[in-house]
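J.: Structure for this input, please:
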Amino acid sequence: MGKIGVFDLENQFAFYGAYHRNPINIAIHMLFVWPILFTALLILYFTPSLFNLPHIEISLFGNDVTLVLNVGFLFALIYFVFYVCLDVKAGSLAALLCAICWVASSFIASRLGFSLAWKVVVVAQLLCWTGQFIGHGIFEKRAPALLDNLVQAFIMAPFFVLLEALQTFFGYEPYPGFHAIVQAKIEAEINEWQEKKQKLIH
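T.: Predicted structure coming up:
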């Protein structure tokens, strides 16, 4: 509470929630959002190391993995820190998932090689983004948030999908009363959107 701008979790989650009300569309996002981040990190594995930083060699399930401190690492780090700043508990879980995605995508990318990895990434990205647009167009009947807020679409979406799942399956909320406050803001945002829509029609 008391945070502003992109760190205002109430307003940001309310904005997201206003675009994701239909249960099928929500399920589609839960299925496809994290793979978009994962495959983005996978292709970014092939970018050069930042400032010639040394590679990190680790063993994963008995296999050697080379971790490159490159653009993919930087993106994962930004997501990691940002999510913890949004909410310590859920954000820490999201940050852990980001770290796992970075390590796992590095492992897979090193095994696939660039010539195969980029094809896998293109197919996965097309599938995931198509699924989300179908979710919005057919089930939600509202354009996706990326047309109004790019930060929401590319940075906050993975965290909000996780937060939605934690709320749905475990009743989690960052602090008491959070979801009631957010729900009221969602209703207000939807009413405002519907009023604007009616004015355009008339």
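J.: Going by C-alpha atoms from here, please, whenever you check contacts or count neighbours.
T.: Fine.
J.: okay, now residue 177: neighbour count?
T.: 9 (other CA atoms under 10 Å).
J.: distance of it from residue 171?
T.: Going from residue 177 to residue 171 by CA to CA, to the nearest Å gives 12 Å.
J.: Residue 71 now?
T.: Residue 71 is 36 Å from residue 171, where distance means CA to CA.
J.: Can you get me a residue count around the closest residue to residue 101 other than its chain neighbours?
T.: Closest residue to residue 101 apart from its sequence neighbours, by CA to CA, 6 or more residues apart in numbering: residue 38 at 5.6 Å. Residues within reach of residue 38, counting by other CA under 10 Å, total 24.
J.: ok but residue 38 is inside a strand, no?
T.: No - Residue 38 is assigned helix when assessed by DSSP: H, G, I helix; E, B strand; the rest coil, not a strand.
J.: Could you give the backbone dihedrals for residue 143?
T.: Per-residue torsions, residue 143: phi -60, psi 150 (degrees, to the nearest 10).
J.: Distance-wise, check it relative to residue 21.
T.: Distance from residue 143 to residue 21, by CA to CA: 12 Å.
J.: next one: residue 120
T.: In terms of CA to CA, residue 120 sits 31 Å off from residue 21.
J.: Now do the strands in the chain.
T.: With strands called from DSSP state E, the chain shows them at 56-60, 63-67.
J.: Pipe those strands into a markdown table and attach distance to residue 91 and mean neighbour count per row.
T.: A markdown table is the format used below for the strands of the chain (distance: least, CA to CA, whole Å; neighbours: other CA atoms under 10 Å):
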| stretch | distance to residue 91 | mean neighbour count |
| --- | --- | --- |
| strand 56-60 | 25 | 11 |
| strand 63-67 | 23 | 16 |
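J.: Residue 156: which of those is closest?
T.: strand 63-67 (24.7 Å; CA to CA).
J.: which residue is nearest the middle of this structure?
T.: By CA atoms, centre = their mean, the chain has its centre lying nearest to residue 158, at 2.0 Å.
J.: Can you give me the pLDDT of that residue?
T.: Predicted confidence (pLDDT) for residue 158: 94.
J.: Test my guess that it contacts residue 31.
T.: No - applying CA atoms under 8 Å, one finds residue 158 not in contact with residue 31, separated by 10.5 Å.
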